[in-house]
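Asks: got a structure for you, letters missing:
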């Protein structure tokens with residue numbers, strides 16, 4: 001008997017929940033019963049731009065194996081897999097990406113994370129078994145972005161680091177910088193509840209953009225917290241706002257590094273003085289494109305140590321039919337139901 005499940009379809013700035021038949025997996029495929037799917041800044045930026053056509057969004061996921069193809073016996077590091085195991089997966093593959101498929105009415109269905117199921121149909125999908133609780137496991141994909149960013153930033157023991165942005169990517173980048181030996185970490189963001197969590201996750205200094213409103217004021221505060229008022233060794237732009245780029249470049253000390261993390265979606269050009277902000281500082285500039293299987297394999301064991309209050313990052317869990325409320329909150333006040341939003345996850349089903 002054919003089973004059916006629900007999945008969210010996005011178009012423009014609207015969402016619709018539809019029913020599709022749950023597929024039987026191909027020999028290399030895996031069907032997951034979705035537990036949680038995080039709303040990513042990439043999802044938000046695509047929605048802000050208006051999604052062309054129809055798309056099955058969602059790529060930050062954790063789920064339970066419902067069925068596997070006959071060729072699937074182990075995860076990416078050799079752990080045996082069976083029905084009932086909790087797993088996470090890398091959304092990008094050599095054959096396509098989960099969470100970005102257009103024409104979702106065309107089979108195979110359930111290619112995005114906002115649904116009751118997700119079908120891992122692409123060959124060579126990096127799947128990893130985990131015993132983490134779902135509210136932490138759902139953070140694996142953003143955590144791997146932090147791993148990638150800090151590896152590219154080459155944070156060294158004793159560095160002073162600035163993280164722009166106190167959303168999920170900023171918070172996990174903060175943790176990865178601390179793990180890599182940063183001596184002082186300054187987080188610039190807001191609202192205040194996000195910055196309180198940043199403190200518990202290892203930030204030494206926080207600057208609230210809701211109260212310190214100009215780049216000039218923020219720069220004065222940042223520089224005062226750096227060695228000889230000379231700037232940070234490494235700056236990570238994790239906010240995803242174009243205006244944060246020239247502001248962040250101005251925080252970097254001579255011979256320092258700037259890492260662009262937040263602009264995964266094309267939000268347009270930015271104007272800056274290359275000579276003053278970059279050349280005269282002898283700066284190294286890096287930009288990362290998501291994460292790869294290497295970062296999942298490196299990052300998951302660190303996340304599984306669960307030494308930081310990761311579960312507190314998931315401030316809201318919404319049913320599929322309320323997903324629009326989550327996007328609206330992230331697009332405006334960062335508040336939902338009277339409470340500050342940190343990370344919103346969408347529940348797959350009962």
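Replies: Sure, I can see it. Here the structure is a predicted model, which means the values were calculated and not measured.
Asks: residues in contact with the spatially most central residue of the chain?
Replies: Note on the chain: the residue nearest the mean C-alpha position is residue 142, at 3.0 Å, using Cα atoms, centre = their mean. Under the criterion of Cβ atoms under 8 Å, 6 or more residues apart in numbering, the contact partners of residue 142 comprise 38, 40, 60, 168, 169, 172. C-beta coordinates here come from the backbone N, C-alpha and C atoms, glycine included.
Asks: and it, how far is that from residue 261?
Replies: When distance is defined by Cβ to Cβ, to the nearest Å, residue 142 is 10 Å away from residue 261.
Asks: again with residue 94
Replies: 23 Å.
Asks: ditto for residue 245
Replies: In this structure, residue 245 and residue 261 are separated by 11 Å, where distance is defined by Cβ to Cβ.
Asks: Comparing the two, which shows the higher neighbour count?
Replies: In this view residue 245 and residue 261 are compared by other Cβ atoms under 10 Å, and residue 261 has more residues nearby, 29 against 20.
Asks: hmm, back to that, which residues do residue 245 and residue 261 both contact?
Replies: With contacts defined as Cβ under 8 Å, 6+ apart, the residues adjacent to both residue 245 and residue 261 are residue 237.
Asks: Where does the record place the domain boundaries for this protein?
Replies: Following automatic domain parsing, one finds the domains of the chain at 4-132+306-347, 142-287.
Asks: how about these in a markdown table, adding mean pLDDT?
Replies: Written out in a markdown table, the entries for the domains of the chain read as follows (pLDDT from 0 to 100):
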| stretch | mean pLDDT |
| --- | --- |
| domain 4-132+306-347 | 95 |
| domain 142-287 | 97 |
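Asks: between those, which one is nearest to residue 293?
Replies: Comparing these by their distance to residue 293 (Cβ to Cβ), the top pick is domain 4-132+306-347, with 4.1 Å.
Asks: Now do the closest one: distance to the chain's middle.
Replies: 12 Å (Cα atoms, centre = their mean, to the nearest Å).
Asks: Do a quick rundown of the strands in the stretch 251-350 of the chain.
Replies: For the stretch 251-350 of the chain, applying DSSP state E, counting those that start in this stretch gives strands covering 252-260, 284-287, 314-318, 335-336, 339-340, 343-347.
Asks: wait, what's in contact with the residue nearest to residue 200 when sequence neighbours are not counted?
Replies: Using Cβ to Cβ, 6 or more residues apart in numbering and skipping residues adjacent in sequence, the residue nearest residue 200 is residue 309, 5.4 Å away. Listed by Cβ under 8 Å, 6+ apart, the contact partners of residue 309 are 197, 200, 201.
Asks: Give me the phi and psi for the last one.
Replies: Listed backbone geometry of residue 201 is phi -100, psi 10, with angles given as degrees, to the nearest 10.
Asks: Likewise for residue 212?
Replies: With angles defined as degrees, to the nearest 10, residue 212 sits at phi -100, psi 90.
Asks: Would you agree it is in contact with residue 220?
Replies: No: if you go by Cβ atoms under 8 Å, residue 212 and residue 220 don't touch, sitting 9.2 Å apart.
Asks: Which one's more surrounded, the two?
Replies: Neighbours were counted for residue 212 and for residue 220 using other Cβ under 10 Å; residue 212 has more, 17 against 12.
Asks: list the contacts for the more buried one?
Replies: Residues touching residue 212, when contacts are defined by Cβ under 8 Å, 6+ apart, comprise 218, 221.
Asks: can you list contacts of stretch 171-180?
Replies: Among residues not part of stretch 171-180, those counted as contacts by Cβ under 8 Å, 6+ apart are 139, 142-143, 145-147, 149-150, 153, 155-156, 159, 161, 163, 185, 187, 194, 197-198, 201-203, 234, 236, 238, 261, 302, 308, 313, 342.
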